[in-house]
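Engineer: model this:
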Amino acid sequence: MTEFDRYIEVGTEAAVAAGKLLMEKLRTGFAVSYKGDTNLVTEADLASEELIVSRIRAAFPGHTILAEEGHPGETDGEYRWIIDPLDGTTNYAHGYPAFSVSIALEIRGIVEWGIVYNPNLEEQFGARRGSGAFLNGLPVKVSKVNTLNDSLLVTGFPYDVRTNPYNNLDFFAGFMLRSQAVRRIGSAALDFCYVAAGRFDGFWEIELRPWDMAAGVLIAREAGGMVTDFTGAPCSIYQLQCVASNGLIHEQMLAVLEEVAGLTTSQRGS
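Structural biologist: Below you'll find the predicted structure:
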């Protein structure tokens, strides 16, 4: 086993174990608290993160952690694990079966490996940079739909949608009128993976964070997808906006984003 194989083994086992923990807490109950009016955190988020972090620290004590709930400040080091212990907390808190565990490994500033585990369907989406994307060990590829009109899209909304004027509602309306349909799952990590697997043809979102994106961006790209910011420049996981698609409809998606942004700016008189 190579050193990198060991990274994959530990990361995968941690993701699956965390997913099983989340499912168990769904059955036994958990406490919910609030980081904002609509931004939840559950006892399960914290327990899942602790499980993942403890396993990674035990195996790789020299590596650093960037995780949503408890380790936001660990930004230094050549090897950094980027973790979302429960992506889709609002869904989880309501018992809606659309949530995931996301773990990625960044080495010298480049995401080299990632996994997104959906414990409801026992689906493991994974990718190693340059080696393709996989679902439960089998290769996945993006769809071949080549027109926006025939596309099924997915998006999400920021937690401060009630107060933030840049809340994605304008973009949502624009795409609803130009695509076959738009869905909202509530887990950005799954959105990226479902683009990778061809279940969606495109995805856009704003106000994302590195733990929302790290594994999913890699998986979408390794499945043959295109991932950029709203201008078409390569997307960084440290930006707040992202567009992922099968590549065939990407320019059409960017055109809608540009059109709607221009119209919204004009209407606001700025």
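Engineer: from memory L86 sits against S48, does it?
Structural biologist: Yes: assessed by C-beta atoms under 8 Å, L86 is found in contact with S48 at 5.4 Å. Using the backbone N, CA and C atoms, a C-beta is placed for each residue, glycine as well.
Engineer: give me the common contacts of the two.
Structural biologist: L22, V101 (C-beta atoms under 8 Å, 6 or more residues apart in numbering).
Engineer: could you check how far the residue positioned nearest the centre of the chain is from G114?
Structural biologist: By C-alpha atoms, centre = their mean, the chain has its centre lying nearest to A189, at 2.3 Å. Computed as C-beta to C-beta, to the nearest Å, the A189 to G114 distance reads 9 Å.
Engineer: which residues do these two both contact?
Structural biologist: S102, A215, G216.
Engineer: narrow those residues to those in helices?
Structural biologist: In helices, judged by DSSP state H, the following of the shared contacts of A189 and G114 are found: A215, G216.
Engineer: what's the ChimeraX line that selects buried ones from the shared contacts of A189 and G114?
Structural biologist: To isolate the buried subset of the shared contacts of A189 and G114 in ChimeraX, counting by 16 or more other C-beta atoms under 10 Å, use the following:
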select :102,215,216
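Engineer: and stretch 242-255, what's buried?
Structural biologist: In stretch 242-255, counting by 16+ other C-beta under 10 Å, buried: C242, V243, A244, S245, N246, G247, L248, I249, H250, Q252, M253, L254.
Engineer: how close does the third one sit to A188?
Structural biologist: Applying C-beta to C-beta, the value for A244 to A188 is 10 Å.
Engineer: re earlier: and the shared contacts of A189 and G114, which is closest to T42?
Structural biologist: S102 (16.2 Å; C-beta to C-beta).
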